[in-house]
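> take this sequence and fold it.
(2 chains)
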Number of protein chains: 2
Amino acid sequence: MARKLTYGVTAPRGFRAGGIHAGVKSSTPEDKLDLALVTAERPCEAAAVFTMNRVQAAPVKLSREILAKSGHKLQTVVINSGNANACAPNDMENARRMVRITEQALGIDAADCAVAVASTGVIGQELNIEAIEKAVPNLALALAMSEVSAYKAAEAIMTTDTVRKSLAVQYNSLGNTITIGAMAKGSGMIHPNMGTLLCVLTTDADLPAAKLQLALRNAVDVTLNRVSVDGDMSTNDSVFLLGSGYYATQYDEFCDALTGLLTSLARMIASDGEGATHLITCTVKGAADEYDAETLAKSVINSSLVKAAIFGADANFGRVLCAIGYTDVDFDPNRVDVEFASSEGSIEVCRAGHGIAFNEAKAKQILKEKEIEINVHLHLGQEAATCWGCDLTYDYVKINGDYRS
Amino acid sequence: MARKLTYGVTAPRGFRAGGIHAGVKSSTPEDKLDLALVTAERPCEAAAVFTMNRVQAAPVKLSREILAKSGHKLQTVVINSGNANACAPNDMENARRMVRITEQALGIDAADCAVAVASTGVIGQELNIEAIEKAVPNLALALAMSEVSAYKAAEAIMTTDTVRKSLAVQYNSLGNTITIGAMAKGSGMIHPNMGTLLCVLTTDADLPAAKLQLALRNAVDVTLNRVSVDGDMSTNDSVFLLGSGYYATQYDEFCDALTGLLTSLARMIASDGEGATHLITCTVKGAADEYDAETLAKSVINSSLVKAAIFGADANFGRVLCAIGYTDVDFDPNRVDVEFASSEGSIEVCRAGHGIAFNEAKAKQILKEKEIEINVHLHLGQEAATCWGCDLTYDYVKINGDYRS
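Next up is the predicted model:
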C-alpha cells in the first residue's frame, strides 16, 4: 500500500519547484503568488493529457506541439494564474515567450529537452507577458527541493481555489522506495471529460514515456475525469507527468499508487469546488458495464437540482432518479435502490424505483455532514463506478457572477 | 399574422376550464389552487408529446396508454400540482383513480372518449388521492368558458412559477377566425429534450389527430424544446393539444400560429425560470446546419458559468466560447464572433475567436437589462437557431435547496 505524504512535487528525487508574485493581473494582491515553476535536474520522460474542448488555449496547443517535437521529453513546466491566455490577443506569441524566457533562465537547450507551459484565469484578455518575463529569472534563482517550495508552486497556480492541492505518495517496489508528487488547481469550470484545470505530477520512477502515458491516461480516466463541479469543460485543462528515472518499479504498482494519488486529488478538487459546502460521492453499482455506471453517476453529480438539494440537506431522492433517467443508459427504473450515507450512518430512501417511508430527522442528520455519499443500485449486473462532485450554493453564484472584476 | 389574446385555453370555441384548491399537500395554503380541468364539449382530435426521461411518472405512462387506446381522441385533461405522482407508492393506481373520478364527474364514457392526466410537484411521495377525489366533482360543477376560468386552470398547475402562463392567438384562414389557446407551467427541472413541464393547448381548428401531432411535434421542436432552465429533464413533462374541430384551416397557417404561440410560451417559461432575473436568448448563426446551431445555442444557455456571468451583468464572452467548444459540433474557433445585446444596444466583444477591446461601461449597461441576447456567428454556413434560458441566481439555489419542505 502507498503511504501518503503531505507535500508535493518536490517529494520525488530530482525535482525543484517554486512560486512567486509576478503581478499577472494588476489587481492581484502583492502576497498572492501567480507564477509557478517545476523543474527536474535532468530531462525527464514525460506524459500529458489535455482538454477535449474544441476551443483550446494557446498554451495547450503549444505544449502539445512541444511534447511531440521533443519525443515526449520534458524538463520543466511553467504555469501562471490570473489569465488563461485563451482566445486572447497575441495568445500564441505570448505562450512562446513564456517558454523562451524559462529556457533562458534555467539554461535549458530547447534542442535537448523542453519546457511545457500552462495558464489559468480569465479567458479573452491579453496576457501581461512583461510581468512574467520579469519574474521568471527571479523565480529560477529561488527554486528549491524543499517542502515550502512545493507549497509555493501549488499556491501560485490557485485561482478561486480556497485550499492548496499539494500531496505525494510513496510505495515500495523491487526493493526501491518510489515517490509520486502532485500539485493541482481546480475549482470551477470543472467537468469530467478531462477533470481538473491544471495538474503537475512528478515521480522518480524509471518508466519510459509510453508507459507513463498509458498509466496517466488510465488513472485520469477513473479519477480526475470523474470529477465535476459545474459541467463546464475548461479550455485550459492540462495534466503533466514527469519521470526523473531514478528507481526501477513494477509497472502495476506504479499504476496503483498513481491512481490512489489522483483519487485523493479528485476528492480534494470536488470538495473545494467553487462555493462548495459538501463533497458528494456518487457510486452506481449493479450496472451492466462500467461505462454505464460512470455515465449515471456523472449525471447525478452534474444535476443542479441534486446539488441544490444536498446544499439544503434535503433527502430528495426523486431528483437522483430523475438525473439517472435522462442519460442514454438503458436500465429498469423499477429495480433501482437509492441510499444516502455519511459518517453519521446511512439511510435507504428508495427501493425498486419507489419511495419508501424513512426517518426524515435521521436523513437530515446524515446530510448535514460535509462528505455525502449517494449510492444507487441498478440490480442489473456486476459493474460499478464512483464520481465526485459538490453542492450548488449561493457562493458558487457569487463567485461566478463577477469573476472578471 | 396571428393576433395575441391575453387569455388561454377557453379562448377557442368549445372548451371549458377551471381550477380549485384540493389540498394535495397539507402545507399548501388555502388560497393556492392545485387542481385544474380543461374539457371540451365533445370528443376532440388530440396530440401529445411526453418527456424522454427513462424514469417516467405514472400519469405520463397512463396518458400515453389512454391516447393509444382511444385512437388519439381526448375530451379532458385533469392536472394536479403539489405532487408529481412519480416513483411514489401506488402511483399507477392513483393516476387511474384520478382519471376515473374525472370521467364520473363529467359523465364521460371511457368507451367513447378519454381523459388524460398529468401531475407536477415533488417526486417519490404518495399522492393524496382522497383530496383529489373530493375536489373533482366540485371543480366539474364550476367549469366555465370564461377568461377567469382559464386563468384559474393556469394558476392551479403552477408550482414554483411566479407568473401564470396563459395566452392565446387568433388568425384567419379559409374565411374563418381560428383560435389556439394555451396554459403551461414550467420553472425548474426544465431541459430542452421536451421543454416544459406541463402544457395544455386547445384549438377550434378542424384538423385530424395525425396532422395535429405533426404540427405539435414540429412546433415543440423549435420552441419548448429549445428552453433550458437547469438542464434537468423532468419525469413528468407532457404537452397536450386538443382540437374541437369547428373551423376549417389551412394546415400551414395553423402551424405558423402554433409555433408563434409556443415561442411566446417558451420565452415566458425561460423568463420565469426558478430564481431568474434575466431572460437569455442565444442565437447561433452561420452554422453548417440547424441542428449544429441548436446544439451550440443550447450549450451556451445551459452553461452554469455563462448563466452566473449574466446574473452579474459581466460580459464574460470567454465562457460563451468555452461552452460552444465542449459540444461535439465541428467549427473553426478562429472564425467565431460574439456579441451581447439588449434594448440598450449591442456590443461586439469577440471577433475571429479573439477578444477585442470594448467599452466595459456600455457592456454593463446592456447586460443590466432584463432581456439579454447572446449572438454567436460561426461564419461557416447559412443555418441558425435560437434557444432560451435564464441566469443562475442565489434564488435558484434557495428555491431548490429546500423544495420538499
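> quick check: A:Ser70 touching A:Ala116?
No. When contacts are counted by CB atoms under 8 Å, A:Ser70 is not listed as touching A:Ala116 (9.1 Å). Every residue, glycine included, has its C-beta placed from N, CA and C.
> higher neighbour count, the two?
Neighbour totals were compared for A:Ser70 and A:Ala116, and A:Ala116 leads with 28 against 20 (other CB atoms under 10 Å in any protein chain shown).
> wait, that one sits on A:Glu65?
No. In this structure A:Ala116 lies outside contact range of A:Glu65 using CB under 8 Å: 10.0 Å.
> that older thread, and for A:Ser70 and A:Ala116, which residues touch both?
A:Ala46 (CB atoms under 8 Å, 6 or more residues apart in numbering or on different chains).
> what parts of the stretch 251-400 of chain A come near chain B?
With CB under 8 Å from any CB of the partner chain as the criterion, the stretch 251-400 of chain A meets chain B at residues A:302-305, A:308-309, A:311-312, A:314, A:316-319, A:321-327, A:329-331, A:333, A:349-350, A:353-356, A:392-394, A:396-400.
> please redo it, this time with the cut-off set to 6 Å
A:303-305, A:308, A:311-312, A:314, A:316-318, A:321-322, A:325-326, A:333, A:353-355, A:392, A:394, A:397, A:400 (CB under 6 Å from any CB of the partner chain).
> try the stretch 51-200 of chain A
A:Asn53, A:Arg54, A:Val55, A:Cys87, A:Ala88, A:Pro89, A:Ile123, A:Gly124.
> which residues of the stretch 51-200 of chain A fall in helices?
Along the stretch 51-200 of chain A, counting by DSSP state H, counting those that start in this stretch, helices occupy A:58-69, A:91-106, A:129-142, A:147-156.
> hey, which of these is tucked in deepest?
Mean neighbour count, computed with mean count of other CB atoms under 10 Å in any protein chain shown, is highest for helix A:147-156 among these, reaching a mean of 24.
> elements contacting that helix?
Counting contacts by 3 or more CB pairs under 6 Å, 6 or more residues apart in numbering or on different chains; DSSP states H and E, helix A:147-156 is packed against strand A:15-20, strand A:35-50, strand A:165-173.
> any chance of these in JSON lines, plus distance to A:Leu216 and mean neighbour count?
JSON lines is the format used below for those (distance: least, CB to CB, whole Å; neighbours: other CB atoms under 10 Å in any protein chain shown):
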{"stretch": "strand A:15-20", "distance to A:Leu216": "17", "mean neighbour count": "27"}
{"stretch": "strand A:35-50", "distance to A:Leu216": "4", "mean neighbour count": "24"}
{"stretch": "strand A:165-173", "distance to A:Leu216": "15", "mean neighbour count": "22"}
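> can you list those strands in CSV and add mean pLDDT?
Compiled in CSV, those are given as follows (pLDDT from 0 to 100):
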stretch, mean pLDDT
strand A:15-20, 98
strand A:35-50, 96
strand A:165-173, 96
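> so, low pLDDT: which residues of the stretch 301-405 of chain A?
By pLDDT under 70, the low-scoring segments of the stretch 301-405 of chain A are A:402-405.
> switch to 90 and redo it
Along the stretch 301-405 of chain A, the parts satisfying pLDDT under 90 run over A:302-305, A:308, A:318-319, A:322, A:325-328, A:392-405.
> then the stretch 51-200 of chain A?
Checking the stretch 51-200 of chain A against pLDDT under 90 turns up A:51-55, A:109-113, A:121-124, A:159-162, A:186-197.
> in it, which residue sits closest to chain B?
A:Ile123 (2.5 Å; CB to the nearest CB).
> list the contacts for that residue?
Counting by CB atoms under 6 Å, 6 or more residues apart in numbering or on different chains, A:Ile123 makes contact with A:Ala84, A:Ala86, A:Cys87, B:Gly318.
> which of these sit farthest apart?
A:Ala84 and A:Cys87 (8.3 Å; CB to CB).
> what does stretch A:338-351 rub up against?
Applying CB under 6 Å, 6+ apart, the set of residues contacting stretch A:338-351 is A:315, A:317, A:320, A:337, A:358, A:362-363, A:365-366, A:369, A:372-373, A:375-376.
> got the contact list for the residue nearest to A:Gly82 when sequence neighbours are not counted?
What sits nearest to A:Gly82 in space, not counting adjacent residues and going by CB to CB, 6 or more residues apart in numbering or on different chains, is A:Val24, at 3.5 Å. By CB under 6 Å, 6+ apart, A:Val24 lies in contact with A:Asp34, A:Asn80, A:Gly82, A:Asn83, A:Asn128, A:Ala131.
> with A:Phe317 instead?
Counted by CB under 6 Å, 6+ apart, A:Phe317 has contacts A:Val338, A:Val349, A:Cys350, B:Gly124.
> ranking by neighbours, what's the top pick from these?
Neighbour max across the contacts of A:Phe317 (other CB under 10 Å) = B:Gly124, 28 neighbours.
> wait, it sits on A:Gly318?
Yes. When contacts are counted by CB atoms under 6 Å, B:Gly124 is listed as touching A:Gly318 (4.1 Å).
> quick check: neighbours shared by the two?
B:Cys87.
> how long is stretch A:102-114 from one end to the other?
10 Å (CA to CA, to the nearest Å).
> just how off-centre is that stretch within its chain?
27 Å (CA atoms, centre = their mean, to the nearest Å).
> for it, give me every contacting residue.
By CB under 6 Å, 6+ apart, the list of residues contacting stretch A:102-114 reads A:Thr39, A:Pro43, A:Ile66, A:Ser70, A:Lys73, A:Leu74, A:Gln75, A:Val78, A:Val115, A:Val136, A:Pro137, A:Ala140.
> please repeat the previous calculation with a cut-off of 8 Å.
A:37, A:39, A:43, A:66-67, A:69-70, A:73-76, A:78, A:115, A:117, A:136-137, A:139-140.
> if anything else comes up later, I'll come back, but that's it for now.
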